[in-house]
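Participant: Got a sequence here, can you build the structure:
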Amino acid sequence: MSSNNNTEFDLFITDLNGNLRGKRMPWKALGKVMEEGVKLPRSVLGFDFWGDDVLENGLVFETGDIDGTCLPVQQPVPVTWSESPRYQILATMFNPDGTPFGADPRQVLSRIVDRFKSHGLTPVVATELEFYLLDGDSEVSQRPQPPILSEGHGRRLTETDCYSIDEMDGLSSFFSDVREACELQGVPADTIVSELGPGQFEINLVHVADPMLAGDQATMFKRLVKGIARKHGYAATFMAKPYTKKSGNGLHVHFSLLNEDGINVFDDGGEEGTDLLRYAVGGLMRTMSDSMLTFAPHMNSYRRFKVGAHAPTFASWGYENRTVAIRIPESPPVARRIEHRVAGADANPYLVLATVLAGALYGIENKLMPMAAIEGDAYNEAEANHELLLPNKWDVATEVFSRSQVLKEYLGEEFVRVYSAAKRQELRKLHERISDVEYESYLGLL
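Facilitator: This is a model prediction of the structure:
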């Protein structure tokens, strides 16, 4: 790690929406920051999406808007896309008395990981993140436009070309820089796949036996993809549904559980897995509706959930079936695992991991068996299982989440209160705006 008088570093936390909040500081302050952390108002973590205070969350006037302490969770890593020398440091927030702050997404995940540890279990997790690469003007126009391949034939990506190597060839410099940044930042990027939308790609991160680290890596990955895209004259978005009629961006989670001897407790030596696996599935099925707000946190998020759109519409599970919400992939028994396929890439990775693991542990602790596994097209089963339909509107999901006793127990009442308040404020703000379609439809005609 080298530096000069111009070197700076960013220390940041992720708020409940996954947006980064923190401070940029000169390199000479690094030693003190690594030892003492940085003070930020606790209310920062409860901001709405646009960075405004949420007065209903109980963190502002009621407490005097007190500071928390943001302590680093990693050593500085280079920001490779910055024009000037810069590093970054992820942090997590503690209360003034040194206890974890319950509305910090990373601390929410830590709470459920500790509960697994009390059972002698360690989750092994991996994430798969989809994103769209866009023309650089998209951020200015605020309308998505597919990119032009910068290498080779220079055509614009207007059509779906799933698993295309040609698309990746035309973006070789971008992907090379993504891999380099991942290597330097300790983000274990694995397979790159061209997906179902024009300019849509998925990059898988290698599994780790540390959910906190997996959340850190997914958070850093999202930042570096957007930063490197801008460096190359593109834009990148993890928005759930940037194109109405094209594939949405998902965040799939794979996980298994190791006991204290390092043995996968989902492995029974066969294809079906153990009762513990089915208990985990049963808990995920029962908590899926309650949890929808963390999987689909924004108004746009709910555009992903349409029949036949490769996003689940009801709580369902099955073996080697990509139409269900919870898939048990085909694999050697020692790698038996669960794939959770509900969340959008716009969601906060820490909260997705925390909520998935909470649902699984709820099922294990209460020995909840799921309904029969679905074979074939799960969308055809939706009508017969209407009681398992997931909330398909943002306001409904917010209210279901805010009332969930299971999530309050497993993830913390403070988190549920603060997150619900932020979402209600965002909902009010967006409903107060008059949309373009309203003007186009009614102005001058009524």
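Participant: contacts, neighbours, all on C-alpha from now
Facilitator: OK.
Participant: Neighbours of Lys245, how many?
Facilitator: A total of 11 residues lie near Lys245 under the criterion other C-alpha atoms under 10 Å.
Participant: The stretch 251-400 of the chain: helices as residue ranges?
Facilitator: Assigned by DSSP state H, counting those that start in this stretch, the stretch 251-400 of the chain shows helices spanning 275-287, 292-295, 349-366, 394-402.
Participant: Looking at those, which is nearest to Phe238?
Facilitator: helix 349-366 (11.8 Å; C-alpha to C-alpha).
Participant: in that closest one, what counts as buried?
Facilitator: Neighbour-count burial for helix 349-366 flags 349-364 (criterion: 16 or more other C-alpha atoms under 10 Å).
Participant: could you show me where the strands are in this protein, in order?
Facilitator: Residue ranges of the strands in the chain, as given by DSSP state E, are 8-14, 20-26, 38-41, 67-72, 77-78, 86-94, 122-135, 189-194, 200-205, 234-237, 251-258, 317-319, 326-328, 338-340.
Participant: packing partners for the last one?
Facilitator: Helices and strands touching strand 338-340, as assessed by 3 or more C-alpha pairs under 8 Å, 6 or more residues apart in numbering; DSSP states H and E, comprise strand 251-258, strand 326-328.
Participant: which residues touch Ala347?
Facilitator: Counting by C-alpha atoms under 8 Å, 6 or more residues apart in numbering, Ala347 touches Asn17, Gly18, Leu251, Thr294, Phe295, Ala296, Pro297.
Participant: which of these tops the neighbour count?
Facilitator: Ala296 (30 neighbours).
Participant: ok, that residue touching Arg341?
Facilitator: No: the pair formed by Ala296 and Arg341 falls short of the contact definition of C-alpha atoms under 8 Å, at 11.7 Å.
Participant: worst-scoring helix or strand of this structure, pLDDT-wise?
Facilitator: The helix or strand with the lowest mean pLDDT-type score in the chain, counting by mean pLDDT, DSSP states H and E, is helix 165-169 (a mean of 71).
Participant: export that one as CSV, just CAs?
Facilitator: C-alpha atoms of helix 165-169 as CSV (Å, rounded to 0.1, in the frame of the first residue of the first chain):
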residue,chain,number,x,y,z
ILE,A,165,-19.2,-14.9,-25.7
ASP,A,166,-19.3,-12.3,-28.5
GLU,A,167,-20.9,-9.7,-26.1
MET,A,168,-18.1,-10.2,-23.6
ASP,A,169,-15.4,-10.0,-26.2
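Participant: Which elements pack onto it?
Facilitator: On a contact count with 3+ C-alpha pairs under 8 Å, 6+ apart, helix 165-169 meets strand 189-194.
Participant: which other helices and strands contact the strand it packs on?
Facilitator: Using 3+ C-alpha pairs under 8 Å, 6+ apart, strand 189-194 sits against helix 165-169, helix 172-185, strand 200-205.
Participant: Contacts only, for His252.
Facilitator: Neighbouring residues of His252 by C-alpha under 8 Å, 6+ apart: Thr127, Glu128, Leu129, Glu339, His340, Arg341, Val342, Ala343, Gly344.
Participant: Lovely, talk soon.
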